[in-house]
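Peer 1: Let's see this in three dimensions:
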Amino acid sequence: MPTVDKERYWSEHFENWEQSGLSQRAYCQRHRISLATFTVWRRRLAESARKPCVDIVPIAMPRPPRPMVAGQLAPLTVVLDGGRYRIEVRDGAEADTLRVVLDVLETRG
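Peer 2: Numbers count the residues shown, from 1 in each chain. You can find the predicted model right below:
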């Protein structure tokens, strides 16, 4: 199951548990869920809620980027979605720049 689906699954359980009035142990027994797993996911989701949605990472560019014209799409775009990323490369993207971006993403991942 992808992480996003797991987060949704556990978030729903935590909402249901809070509304149930049951203790964590009783809720887990009723729904045949491991109390240890319930606790781990509760902590994990609480921690991820405190983390910023976006990390800004300065990178050293091999050379200054070319100036862009209004309305022009950037030659290299990184799209972040739920801890995963997609790189969109268009004409005019420079291999050195792509290498630096990939190095940063792989190091941070």
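
Peer 1: Just to be sure, Arg32 is in a strand?
Peer 2: No: per DSSP: H, G, I helix; E, B strand; the rest coil, Arg32 lies outside any strand segment and is coil.

Peer 1: mind checking how far it is from Trp41?
Peer 2: 15 Å (CB to CB, to the nearest Å). Placement of C-beta: from N, CA and C, glycine included.

Peer 1: before we move on, what about Pro58?
Peer 2: 33 Å.

Peer 1: Could you pull up the contacting residues of Val101?
Peer 2: Val101 makes contact with Ile59, Leu76, Val78, Ile87, according to CB atoms under 8 Å, 6 or more residues apart in numbering.

Peer 1: of those, closest to Val4?
Peer 2: Val78 (18.7 Å; CB to CB).

Peer 1: Pretty sure that closest one sits in a strand.
Peer 2: Yes: assessed by three-state DSSP, Val78 belongs to a strand.

Peer 1: which residues does it bridge with?
Peer 2: Ile87 (DSSP bridges).

Peer 1: pretty sure it contacts Val89?
Peer 2: No: counting by CB atoms under 8 Å, Val78 stays clear of Val89, with 10.2 Å between them.

Peer 1: Name the residue in Arg32 and Trp41 with the higher neighbour count.
Peer 2: Trp41 (19 against 6; other CB atoms under 10 Å).

Peer 1: Chain neighbours aside, what residue packs nearest to that one?
Peer 2: In space, Trp41 comes closest to Trp10 once its chain neighbours are excluded; the distance is 4.1 Å by CB to CB, 6 or more residues apart in numbering.
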